[in-house]
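J.: Quick one, what's the 3D model for this:
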Amino acid sequence: MIGMIRRILGVSGKYRGRIYGAMGCSFLKGLLMKVPIILTYFIVTTYIDGTLTKKTALYGAFALAASIIVQAIFQYLADRLQSGAGYLIFADMRMKLGEHLRRLPMGYFTEGNIGKISSVLSTDMVFIEENCMMVLADMMSYLFSQAIMIIFMFVFDWRLGIVSLLITGCMVLLGRGMMKNDLVHSDEKQEAAEIQTQAVLDFTEGIGIIKTYNLLGDKSKELTDSFDTNCRVNLDFEFSHHPYKRGVFLIYGIGTVVMLALSAFLYTKGYMERQYFFGMLLCLFDLFVPIKSFYDQEARLTVMSACMDRIEALFAEKELDDSGTQQLSETNAPEIEYRNVTFAYDKNDILKNVSFKADKGTMTALVGPSGGGKSTIASLLTRFWDVKSGEILLRGTDIRKIPLTTLMDNISMVFQRVYLFQDTVYHNIALGRPDASREEVIEAAKKARCYDFIMELPDGFDTVIGEGGASLSGGQVQRLSIARCILKDSPIVILDEATASVDADNESYIQQAISELCKGKTLLVIAHRLNTITHADNIMVIKDGQIAESGDHEKLMRQDGIYHSMVTKRAVSTGWKN
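T.: Numbering: from 1, shown residues only. Here you go, the predicted structure:
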């Protein structure tokens, strides 16, 4: 259990001094808690000896009152130091976690880990700062107090000291078994909390689909099952914990009786003086209270240990290497170049030896069947993941050697699925370049063909929109995201064809906005509508993680291959002619 306390000290950083200060105050408070026993022992023994004076009794009363007041002061200081330190420690830890998450590959966030992150932030960290920090210094005080009580027993009689040491040892042995048991169940308890968090997130995020397909019963059952599992695991924790706790209480009760019987025996047989026997009676019911109180808090510390395991596991997730220092410069090298790039999410290769070049100001389109690897190719350019083998070059420099901030400054992305923050329209656009003037933000909005609908909103650019853009239409959200990219003005644009899922009116506006965005830019386009990329400088057909065909529209049509087949099928289904 001391090791658990060390773990907290290990992450306390610059606040470690506050925790040590709290421990010091708790130690002094523990000493002062014994002052009433010592004073009572002194007053009564001097009274029995006939040496007690009125002045001595008065001094004793003043000393008792002073000890209680000082004890309260030390308790106050300990609480202020340790609880304040807990909130400060985890405030810093949340900021560090935010920095850490920012450097993780995007693949981590697509593998069902959102519930884990949410659980760590809202459950694990909160549990430690609210339930454990307040008792941390007290735990050390309990150990100090128990040592003091055993020393008292040796002072009264060495046999009392040995027996009290043995009884304390029995409680410690049982307490260690309780701790091992609780550690196992604490892991299960926190994992169940994480599963429940993920279930709640899945249910709330998918509530629209769930209702559309009348799956409320099935999905509600999944959610209810997670609640039931969490309840069962927590009850199992309590059921497994309490037999040990009852055992500790039983040893406490039997030990107290044994110490009373032994001291009475020693006194009646003349082996113990009367004043020591009286001192033993004064200490009797406080003799094993510290160690009992210590194990009363043990469950909190074992859950804290499970919480720390999960926090440390999240911090242990490997970050993308951002040690690059090279800066981009104007060269004759291609703007973008993939050299024998192979990539795997797990063990199976998603991309295999992909190689191509894109010169400055050109448009490269990626087409092909779903799941072929088009989005993966685009994502690798932004280092959402790192390649398994090969390299990706930006103006002749490996992107892993370029600082991430520099890399992202040079790339803008427009995806079909756009996220807007619950903030003003102005700030959502300004996200593209926070230091932009208001005039520049407005100009970007005009170029993105969203100025008119913004001005129709209740507060114009200062209108607060719902999280994710919930209060706007899909086309409006798309145009705001394009305005954000226009403001950023990066030389490279990755475009996941934004018009694939919007109505005809919005498609026209979005196409105009995209035209403004793409002027003079190097484009990497994931195409869903083939009639939008016939003018591309290079069209690559991606199939099974490889470039099956490449060339301009005319060349690919002459080859009578996959692209020709896709265009023909498209023409038959829509009546489109090239």
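
J.: Contact partners for the spatially most central residue of the chain?
T.: Residue closest to the mean C-alpha point of the chain, counted by Cα atoms, centre = their mean, is Ile117 at 3.9 Å. By Cβ atoms under 8 Å, 6 or more residues apart in numbering, the contact set of Ile117 is Leu101, Leu314. All C-beta spots, glycine's among them, are computed from the backbone N, C-alpha and C.

J.: what helix or strand does it sit in?
T.: Assigned by DSSP states H and E, Ile117 belongs to helix 114-119.

J.: buried residues in the helix or strand just after that helix?
T.: Sequence-wise, the next helix or strand downstream of helix 114-119 (DSSP H and E) is helix 125-127. Buried residues in helix 125-127, counted by 16 or more other Cβ atoms under 10 Å: Met125, Phe127.

J.: hang on, the earlier thing: pull up the gap between the residue nearest to the centre of the chain and His242, please.
T.: Going from Ile117 to His242 by Cβ to Cβ, to the nearest Å gives 33 Å.

J.: got it, and Gly84?
T.: To His242, Gly84 is 33 Å away according to Cβ to Cβ.

J.: Also Asp228?
T.: Distance from Asp228 to His242, by Cβ to Cβ: 21 Å.

J.: what's the answer for Asn538, then?
T.: According to Cβ to Cβ, Asn538 stands 70 Å off from His242.

J.: ok, these two, which is more surrounded?
T.: A direct count of neighbours by other Cβ atoms under 10 Å for Asn538 and His242 places Asn538 higher, at 18 against 13.

J.: doesn't Ala358 make contact with that one?
T.: Yes - assessed by Cβ atoms under 8 Å, Asn538 is found in contact with Ala358 at 6.9 Å.

J.: List the residues that are in contact with both of those two.
T.: Common contact partners of Asn538 and Ala358 (Cβ under 8 Å, 6+ apart): Thr364.

J.: where does the stretch 1-150 of the chain have low pLDDT?
T.: Along the stretch 1-150 of the chain, segments meeting pLDDT under 70 span 1-2, 110-112, 132-134, 137.

J.: repeat for the stretch 451-578 of the chain
T.: 467-470, 497-507, 572-578.

J.: and stretch 126-140, how far from the chain's centre?
T.: 20 Å (Cα atoms, centre = their mean, to the nearest Å).

J.: Residues contacting it, please?
T.: Contacts for stretch 126-140 (Cβ under 8 Å, 6+ apart): 1, 5, 8, 19, 22-23, 25-27, 78-79, 81-83, 85-87, 89-90, 293-294, 297, 300-301, 303-304, 307-308.

J.: Could I have the CA atoms of the helix or strand where Ala445 lies written out in CSV?
T.: Using DSSP H and E, Ala445 falls within helix 438-447. Extracted in CSV, the C-alpha atoms of helix 438-447 (Å, rounded to 0.1, in the frame of the first residue of the first chain):
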residue,chain,number,x,y,z
ARG,A,438,-12.1,40.1,-39.1
GLU,A,439,-12.0,41.5,-42.6
GLU,A,440,-10.0,38.5,-43.8
VAL,A,441,-12.5,36.1,-42.1
ILE,A,442,-15.4,37.9,-43.8
GLU,A,443,-13.7,37.8,-47.2
ALA,A,444,-13.0,34.0,-46.8
ALA,A,445,-16.7,33.5,-46.1
LYS,A,446,-17.7,35.4,-49.2
LYS,A,447,-15.3,33.3,-51.3
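
J.: i'd like the first residue to be 322 from this point on
T.: Yep, numbering from 322; the last one is helix 759-768 now.

J.: I'd like the average pLDDT over it.
T.: Averaged over helix 759-768, pLDDT sits at 91.

J.: Could you give me the buried positions within it?
T.: Buried residues in helix 759-768, counted by 16+ other Cβ under 10 Å: Glu761, Val762, Ile763, Glu764, Ala765, Ala766, Lys767, Lys768.

J.: Distance of the last one relative to Ile854?
T.: Spelled out, it's Lys768. In terms of Cβ to Cβ, Lys768 sits 22 Å off from Ile854.

J.: Tell me where the stretch 422-571 of the chain has strands.
T.: With strands called from DSSP state E, counting those that start in this stretch, the stretch 422-571 of the chain shows none.

J.: again with the stretch 622-771 of the chain
T.: Assigned by DSSP E, counting those that start in this stretch, the strands in the stretch 622-771 of the chain fall at 657-665, 670-679, 684-688, 710-715, 718-719, 732-735.

J.: From the contact counts, what lies against the third one?
T.: Contacts of strand 684-688 with other secondary structure elements, assessed using 3 or more Cβ pairs under 8 Å, 6 or more residues apart in numbering; DSSP states H and E, are made with helix 695-702, strand 843-847, strand 859-864.

J.: okay, the angle between it and strand 657-665?
T.: 20 degrees (axes from the mean of the first three to the mean of the last three Cα atoms, to 10 degrees).

J.: how about strand 684-688 as CSV, C-alpha atoms only?
T.: The C-alpha trace of strand 684-688 is given here as CSV (Å, rounded to 0.1, in the frame of the first residue of the first chain):
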residue,chain,number,x,y,z
MET,A,684,-4.5,18.0,-59.6
THR,A,685,-4.2,14.3,-58.7
ALA,A,686,-7.5,12.3,-58.3
LEU,A,687,-7.9,9.0,-56.5
VAL,A,688,-10.7,6.8,-57.7
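
J.: Confirm for me that Tyr362 is in contact with Leu602.
T.: No - Tyr362 is beyond contact range of Leu602, at 9.7 Å (criterion: Cβ under 8 Å).

J.: more crowded one of those two?
T.: Taking neighbours as other Cβ under 10 Å, Tyr362 and Leu602 compare with Tyr362 leading, 19 against 14.

J.: what's the burial count for Ser710?
T.: 14.

J.: Now do the spatially closest residue to it that is not a sequence neighbour against Leu701, distance only.
T.: The shortest distance from Ser710 to any non-neighbouring residue, by Cβ to Cβ, 6 or more residues apart in numbering, is to Thr663 (4.5 Å). To Leu701, Thr663 is 10 Å away according to Cβ to Cβ.

J.: repeat for Gly795
T.: 27 Å.

J.: Kindly report the same for Val441.
T.: Val441 is 28 Å from Leu701, by Cβ to Cβ.

J.: which residues touch the closest residue to Val554 other than its chain neighbours?
T.: Using Cβ to Cβ, 6+ apart and skipping the chain neighbours, the partner closest in space to Val554 is Ala513 (4.1 Å). Going by Cβ under 8 Å, 6+ apart, Ala513 touches Ser547, Thr550, Asn551, Val554, Asn555.

J.: cool, and Phe411?
T.: Contacts of Phe411 (Cβ under 8 Å, 6+ apart): Met446, Ile449, Glu450.

J.: Give the other helices and strands that the longest helix anywhere in the chain contacts.
T.: In the chain, taking DSSP state H as the definition, the longest helix is helix 537-589. Applying 3+ Cβ pairs under 8 Å, 6+ apart, we find helix 537-589 packed against helix 479-526, helix 595-605, helix 610-617.

J.: same question for that helix, mean pLDDT?
T.: Average pLDDT, helix 537-589: 84.

J.: from the chain's centre, how far out does the helix or strand containing Ile803 sit?
T.: Ile803 belongs to helix 795-809 when assigned by DSSP H and E. Relative to the chain's own centre, helix 795-809 is displaced by 30 Å; criterion: Cα atoms, centre = their mean.
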